[in-house]
Every structure is written in C-alpha cells, then in structure tokens.
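# this is a predicted model, with the sequence first.
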Amino acid sequence: MEPRESLKGIKRDEESCVLEFGDNSRFRVEYLAIRSRCQCAKCKPRQVNEQRRLELEQEVARLRMEKPRVTQVGRYGLQFEWPSGCSSGIYSFSHLRKVADESGLELST
Ligand SMILES: [Zn+2]
C-alpha cells in the first residue's frame, strides 16, 4: 500500500472536492477549508496561531468560492488556481492529508 499521505486522485465538484489518498481513504473537503489553509507566502504566516487562522478563515468565507483549476506539482503537491486570487501556494500532499483529517468528511469505500 502507498503511504497514507500520498494523493492518488482529486475529483472536483463545484464547492468541494474528493481527495483520495494512498491508503485508499477518501475525503470530501470543502474548498473553503483548503483555501483558508492557503500555502502562499502571504497567507502562510497568518496560520501561526488559532486567532489569526480564524481571521483568515472569515475573510476567505466572504469570498465567492469558485471551482479552482488544479495542477500537480512534481510528485509531492498540488497547486490550486483560485479565481479570486492566491494561486501561488503549493499544497503538499501531507498538508492536504492534514486538512482532510481535520476538516474533511471521510467517505466509506
Ligand atoms: Zn494565499
């Protein structure tokens, strides 16, 4: 079996996506959850503590969430191109697994 942190696939819907990992687990994750843990140079420092992370989350919640374009980066991450900006961050597979574990809804296989 592949490691639980390797991403095998992503299926994009309008407001959320399904992430499938190396251990065959699948999670439905809202784009809001992914975007509010944005990995770009501007947003990353805003996640150092819970207070600042919540502020960022509230800002993101006010944006119109649109289906992003997704590009794979090497063998370790994805880049999400959000229509409302913030597209330079790279979301490593291990980061996405963390977001899925914390905020995703695990789907039965
Ligand atoms: Zn950002």
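Right, received. Where do you want to start? Numbers count the residues shown, from 1 in each chain.
# find the nearest non-adjacent residue to the spatially most central residue of the chain, please.
Nearest residue to the geometric centre of the chain (C-alpha atoms, centre = their mean): Ile34, 3.1 Å. Closest residue to Ile34 apart from its sequence neighbours, by C-beta to C-beta, 6 or more residues apart in numbering: Val99 at 5.9 Å. For every residue, glycine as well, the C-beta is placed using N, CA and C.
# surely that neighbour and Arg35 touch.
No. Shown here, Val99 and Arg35 do not form a contact pair, counting by C-beta atoms under 8 Å, at 10.1 Å.
# neighbour count: those two, which is higher?
Using other C-beta atoms under 10 Å as the criterion, Val99 and Arg35 rank with Arg35 on top: 23 against 18.
# any idea how far the more buried one is from the ion?
Relative to the ion, Arg35 is positioned 8 Å away (C-beta to the ion, to the nearest Å).
# buried set for stretch 68-78?
For stretch 68-78, the neighbour count (16 or more other C-beta atoms under 10 Å) marks 68, 77-78 as buried.
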